[in-house]
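# just coords:
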């Protein structure tokens, strides 16, 4: 598998905030960054799976000689018994007495550099009681802890590795294929190479159970912290406070809500998020049905209820005038007993004229009287006509009503001043009619 894709942040959220301090984080950019981070993590996990066994150790046959450094010395060159005036190279092995030694330096031996006298030139490996060589076989020996540590110095070069690590150039960002030296406790303490990818997988595998085993905290406080990989700082490990997480969640929720698809007509089963003040501000959901019921109960205590008046009053209801659960429509308003069924303004002169009116079909000038014909008749002649009439500017008159039928009546003016009790032409009439139609 190729090297996992490295996440490379290209968007500056701090720059966005400096230009748009009141706006929520850009949701689309957040989704894009999270997607890239997820890809890098997934590819890293897949890559680690190629080199790591289920028990956490390196997979079999993944480390060969081509993965080892050229400077690493494995084993030593056995030169036999130590002798003076002999050229030895660093890494040569000798025996002296009943002990193995390894040369630390290239040198020519002298009495003063004898292995048991010169620890700077030679490293003690082990002391053995007997090694019998017969038919090409070697009698096995068991090393004590001190001898084993000394022997690892030869075959593993731990001291050289430690010194080399201290002096080499530091690498800021390791990749999965990079290796760390490891003393393998499951393989006789041999020095092995541990890839950074395998180490990351191991840490991830251990971190989950470690967290799961800790005492749970039911209610975090603002000062509590989480560990995060900061995508804006080359995935550096940083801490995120609980207060910061809450602020980020609210900002993200606002951006997600603003970017969501609008719903024009909610239904009762739809839900809204809410903070329950009666339950320590726990996050809960509120259905549209419950919201409507709560609002109705609230407004019913402050405003007159109109839920009963959902239909227009019929003509019969208007005429009865007792219903309280209907509303009055313009088409039936005149049906109420208190409403005028007809009215008119007639101007007099040589010929009487209807200037304005309601439910008046026509008027007929009879000389000293006027006949009024209605458009919609009354149900009987038991209706009331209230009329006034005026003569000249200097005399008074009384208007009377006669000849009532269901759809007409006659207006007459009697002069009560100069011609007391006589019929006289009117200058004008005003009339209004009440009754049942």
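Thanks, I have the structure now. Values in this document were obtained by computation on a predicted structure and should not be read as measured data.
# for the stretch 101-250 of the chain, which spans come out with low pLDDT?
Across the stretch 101-250 of the chain, the ranges flagged by pLDDT under 70 are 128-169, 188-191.
# how about the helices in it?
Ranges of helices within the stretch 101-250 of the chain are 145-155, 158-167, 196-212, 242-259, based on DSSP state H, counting those that start in this stretch.
# Look up phi and psi at residue 405.
Note on residue 405: its backbone torsions stand at phi -120, psi -180 [degrees, to the nearest 10].
# What residue spans form the domains of this protein?
Under the assignment automatic domain parsing, the domains of the chain span 1-50, 75-155, 334-434.
# what mean pLDDT does the last one have?
Averaging the model's pLDDT scores along domain 334-434 yields 83.
# Span of it from start to end?
Taking CA to CA, to the nearest Å, the span from the opening residue of domain 334-434 to its closing residue is 10 Å.
# So for the lengthiest helix in the chain, what gets flagged as buried?
Of all the segments of type helix in the chain, defined by DSSP state H, the longest one is helix 27-49. Buried residues in helix 27-49, counted by 16 or more other CB atoms under 10 Å: 27, 30, 33, 36, 40-41, 43-44, 47-48. In this view, the C-beta of every residue, glycine as well, is placed from N, C-alpha and C.
# Distance to residue 316 and pLDDT for those - can I get that in JSON lines?
Listed next are the buried residues of helix 27-49 as JSON lines, based on distance: CB to CB, whole Å; pLDDT from 0 to 100:
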{"residue": "27", "distance to residue 316": "61", "pLDDT": "87"}
{"residue": "30", "distance to residue 316": "66", "pLDDT": "87"}
{"residue": "33", "distance to residue 316": "72", "pLDDT": "88"}
{"residue": "36", "distance to residue 316": "75", "pLDDT": "89"}
{"residue": "40", "distance to residue 316": "80", "pLDDT": "89"}
{"residue": "41", "distance to residue 316": "78", "pLDDT": "92"}
{"residue": "43", "distance to residue 316": "81", "pLDDT": "85"}
{"residue": "44", "distance to residue 316": "83", "pLDDT": "88"}
{"residue": "47", "distance to residue 316": "87", "pLDDT": "83"}
{"residue": "48", "distance to residue 316": "87", "pLDDT": "83"}
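# Looking at those, spot the one nearest residue 343.
residue 27 (67.6 Å; CB to CB).
# I'd like the distance between the residue nearest in space to the middle of the chain and residue 247.
In the chain, the C-alpha closest to the average C-alpha coordinate belongs to residue 253, at a distance of 3.1 Å (CA atoms, centre = their mean). Distance check for residue 253 against residue 247: by CB to CB, to the nearest Å, it reads 11 Å.
# cool, and residue 313?
With the distance defined as CB to CB, residue 313 ends up 58 Å from residue 247.
# These two - which one has more neighbours?
Neighbours were counted for residue 313 and for residue 247 using other CB atoms under 10 Å; residue 313 has more, 22 against 12.
# residues near residue 292, how many?
A count of neighbours around residue 292, defined by other CB under 10 Å, yields 12.
# Check which helix or strand residue 289 maps to.
Secondary structure assignment for residue 289, by DSSP states H and E: helix 288-300.
# Only the buried residues of the helix or strand just after that helix, if you could.
Using DSSP H and E, the next helix or strand after helix 288-300 towards the C-terminus is helix 315-320. For helix 315-320, the buried set under the neighbour-count rule, 16+ other CB under 10 Å, comprises 317-319.
# Tabulate these in CSV, adding columns for pLDDT and distance to residue 95.
Shown next, in CSV, are those (pLDDT from 0 to 100; distance: CB to CB, whole Å):
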residue, pLDDT, distance to residue 95
317, 80, 126
318, 78, 129
319, 77, 133
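# Of the residues you listed, just say which sits nearest to residue 83.
Of all the buried residues of helix 315-320, residue 83 sits closest to residue 317, with 133.5 Å by CB to CB.
# Residue 433 reaches residue 334, doesn't it?
No - taking contacts as CB atoms under 8 Å, residue 433 lies outside contact range of residue 334: 10.9 Å.
# quick one: residue 361 is in a helix?
No - assessed with DSSP: H, G, I helix; E, B strand; the rest coil, residue 361 is strand; it does not lie in a helix.
# Next, the contact list for it, please.
Applying CB atoms under 8 Å, 6 or more residues apart in numbering, we find residue 361 in contact with 373-375, 407.
# top of these by neighbour count?
Comparing those by number of neighbours (other CB under 10 Å), residue 374 comes first, having 23 neighbours.
# Now it: closest residue in space, sequence neighbours ignored.
Counting by CB to CB, 6 or more residues apart in numbering, residue 407 is the residue found nearest to residue 374 once chain neighbours are left out, at 4.7 Å.
# quick one, phi/psi of that neighbour?
The phi and psi torsions at residue 407 (degrees, to the nearest 10) take the values phi -130, psi 10.
# just to revisit the earlier point, can I get the contacts of residue 361 in JSON lines with secondary structure and distance to residue 57?
Rendered in JSON lines, the data for the contacts of residue 361 read as follows (DSSP: H, G, I helix; E, B strand; the rest coil; distance: CB to CB, whole Å):
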{"residue": "373", "secondary structure": "strand", "distance to residue 57": "115"}
{"residue": "374", "secondary structure": "strand", "distance to residue 57": "110"}
{"residue": "375", "secondary structure": "coil", "distance to residue 57": "106"}
{"residue": "407", "secondary structure": "coil", "distance to residue 57": "112"}
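# hmm, who's touching stretch 318-327?
Outside stretch 318-327, the residues within contact range by CB under 8 Å, 6+ apart are 308-309, 311-314, 317, 328, 332-338, 436.
# And the spatially closest residue to residue 6 that is not a sequence neighbour, how far from residue 173?
Nearest-residue entry for residue 6: residue 40, 6.4 Å, with adjacent residues in sequence omitted and distances by CB to CB, 6+ apart. Residue 40 is 12 Å from residue 173, where distance means CB to CB.
# residue contacts, residue 5?
The contact partners of residue 5, by CB under 8 Å, 6+ apart, come to 36, 39-40, 43.
# Quick check: pLDDT value at residue 45.
pLDDT, residue 45: 87.
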